[in-house]
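Engineer: Quick one: sequence and predicted model below, then my questions.
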Amino acid sequence: MQNDVCIEMQGICKYFGTVAANENASLRVKHGEIHALLGENGSGKSTLMNMLAGIYSPDAGTIKIEGQAKRFASPHDSLAAGIGMVHQHFKLVEVMSAAQNISAGSEQGIIRRPKKIDEKIRGICEKYGLELDPSKKVYNMSVGEKQTVEIVKMLYRGASMFILDEPTAVLTPQEAEVLFNILRNMKKLGCAIIIITHKLNEVMEISDRVTVLRNGATIGTVNTSETNPQLLTEMMVGKAV
């Protein structure tokens with residue numbers, strides 16, 4: 001159904017000098033789904049998502065959020081539209097606590113109202129099935145805990161649509177399983193989640209639909225339940241493997 005679609009990117013082009021990072025790339029993501037964006041290194045996945053996150057502006061094409069055309073001049077604009085991006089390299093201040101990182105820049109009187117902030121964080125964690133100690137310093141955290149802080153930071157700021165860039169690249173298998181359970185909980189509560197990846201086993205395990213990019217362009221979108229790793233590999237590389 002059309003009204004299920006919360007993110008629509010159509011005919012997106014992005015050039016860096018004479019190099020086309022994206023050319024006629026398209027993507028449609030629905031509420032309450034985990035959508036894998038799949039492609040080889042250099043296929044244009046990150047560039048496409050950086051435009052959705054407000055880091056780059058497209059040279060051509062349209063971005064619609066909840067049916068409304070948007071032009072993002074900055075990540076702040078993207079977040080105001082409900083889109084949060086969790087980068088592969090976390091953007092956290094190591095000497096600050098989880099609560100300080102989560103609320104920094106988004107809350108007035110952070111020093112005077114730490115109790116209220118902690119309550120809000122605990123409420124988010126309870127709702128989405130996350131485990132996090134708001135008072136714990138980032139330098140004492142595992143990689144998985146730091147990633148949880150990044151996810152909570154976006155939920156705290158009102159995001160309902162998420163981009164995760166290669167989210168398991170830095171995780172142990174056990175941490176990846178915890179992450180997948182978190183994402184399933186978020187999906188159940190109506191969040192739209194895009195995972196940038198090139199790992200076929202993860203695509204098959206966690207996603208509902210897959211969009212494949214090759215040479216900066218969208219090759220197609222398929223239901224995960226109706227495909228297999230070999231077919232996806234053929235879409236990625238352009239020939240039978």
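Structural biologist: Happy to help now that I have it. Residues are numbered from 1 along each chain as shown.

Engineer: which regions of this structure lie under the pLDDT threshold?
Structural biologist: Confidence mapping of the chain against pLDDT under 70 gives the ranges 1-3, 106-113, 241.

Engineer: Let's check: the centremost residue of it is which one?
Structural biologist: Against the mean C-alpha coordinate of the chain, by C-alpha atoms, centre = their mean, the closest residue is residue 163 at 1.1 Å.

Engineer: Residue 200 and residue 229 touch, don't they?
Structural biologist: Yes: in this structure, residue 200 is within contact of residue 229 by C-beta atoms under 8 Å, at 4.3 Å. The C-beta positions use only the backbone N, C-alpha and C, and glycine is treated the same way.

Engineer: and residue 15, what are its bridge partners?
Structural biologist: On DSSP bridges, the residues paired with residue 15 through beta bridges are residue 20.

Engineer: Show me the strands in the chain, by range?
Structural biologist: Counting by DSSP state E, the segments of the chain that form strands are 5-16, 19-30, 33-38, 60-65, 68-70, 83-86, 161-165, 192-197, 209-214, 217-223.

Engineer: Reformat those into CSV and put distance to residue 234 next to each item.
Structural biologist: Converted to CSV, the strands of the chain look like this (distance: least, C-beta to C-beta, whole Å):
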stretch, distance to residue 234
strand 5-16, 24
strand 19-30, 19
strand 33-38, 12
strand 60-65, 26
strand 68-70, 34
strand 83-86, 29
strand 161-165, 25
strand 192-197, 17
strand 209-214, 9
strand 217-223, 10
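
Engineer: nearest to residue 139, of those?
Structural biologist: When these are compared by C-beta to C-beta, strand 83-86 sits nearest residue 139, at 19.3 Å.

Engineer: what separates the nearest residue to residue 205 once chain neighbours are set aside from residue 193, distance-wise?
Structural biologist: Excluding the flanking residues, the one nearest residue 205 by C-beta to C-beta, 6 or more residues apart in numbering is residue 180, at 6.9 Å. To residue 193, residue 180 is 11 Å away according to C-beta to C-beta, to the nearest Å.

Engineer: try residue 83
Structural biologist: 11 Å.

Engineer: shared neighbours of the two, which are they?
Structural biologist: Taking C-beta atoms under 8 Å, 6 or more residues apart in numbering as the contact criterion, the residues that touch both residue 83 and residue 193 are 161, 162.
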